[in-house]
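Participant: here is my input; please provide its structure:
(one chain, ligands or ions: 1)
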Amino acid sequence: MRNSSPDVLMLTREAYSSLLDHGQTCLPNEACGLLVYSQQPRLDSSPDSTATHALIVDTIVPIPNAHPHPLHAFAFEPQAWTAALYRLMQTKQTLVGYYHSHPTTTAIPSAADASGLPIGSDPVMLIVSFAAATAELNAYRHISFSHTWESLALALVPPSLQPK
Ligand SMILES: [Zn+2]
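Facilitator: Numbers count the residues shown, from 1 in each chain. Next up is the predicted model:
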């Protein structure tokens, strides 16, 4: 059973700028891809089990958007998705979650956003919006059981926790 303490999704500066770059490169279409951590799956900020958990992302893996209407939706191109997951197993990297962009709407999940996600795994989804002059990022966990989105806090990784 999942710990009920709040999670924080943390991005390194490199992952953050790669994410913005990929989203901007794909405009006006939606961009999508994987959020990856190169080391252990979770880094607890404290041994206290009630403490906040940090999900760390240091790598962005862009996946081509194969949706027939890429201006308004995304679908991971199946071969690239499979190849990327296989590469993560080989390099012992951790799949933290997924991301996609909203070129013209806010960073709120759309009705279709859960459709491409794996069932039953409560995946993390980061949405980057280019609707305003400054990119807006929101992180969520999709709760498969209730078909709802739970907000996650989002932060940049502090220098002391930057992977070596
Ligand atoms: Zn969306």
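
Participant: I figured Ser18 hits Ile60, correct?
Facilitator: Yes - with contact defined as Cβ atoms under 8 Å, Ser18 counts as touching Ile60 (4.2 Å). Glycine gets a C-beta too; all of them are placed from N, C-alpha and C.

Participant: the two: who's more crowded?
Facilitator: Ile60 (24 against 19; other Cβ atoms under 10 Å).

Participant: pull the helix or strand the more buried one falls within out as PDB, backbone CA atoms only.
Facilitator: Using DSSP states H and E, Ile60 sits in strand 59-63. Presented in PDB, the C-alpha positions along strand 59-63 are these (Å, rounded to 0.1, in the frame of the first residue of the first chain):
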ATOM      1  CA  THR A  59      17.200  12.700 -17.100                       C
ATOM      2  CA  ILE A  60      14.500  13.400 -19.700                       C
ATOM      3  CA  VAL A  61      13.900  10.800 -22.400                       C
ATOM      4  CA  PRO A  62      11.900  12.400 -25.300                       C
ATOM      5  CA  ILE A  63       9.500  10.000 -27.000                       C
END
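
Participant: give the next helix or strand downstream of it.
Facilitator: Counting by DSSP H and E, what follows strand 59-63 is helix 78-91.

Participant: parallel or antiparallel, list what pairs with the following helix or strand past that following helix.
Facilitator: Sequence-wise, the next helix or strand downstream of helix 78-91 (DSSP H and E) is strand 94-102. Taking DSSP bridges as the criterion, strand 94-102 forms sheet pairs with strand 32-37 (antiparallel), strand 124-129 (parallel).
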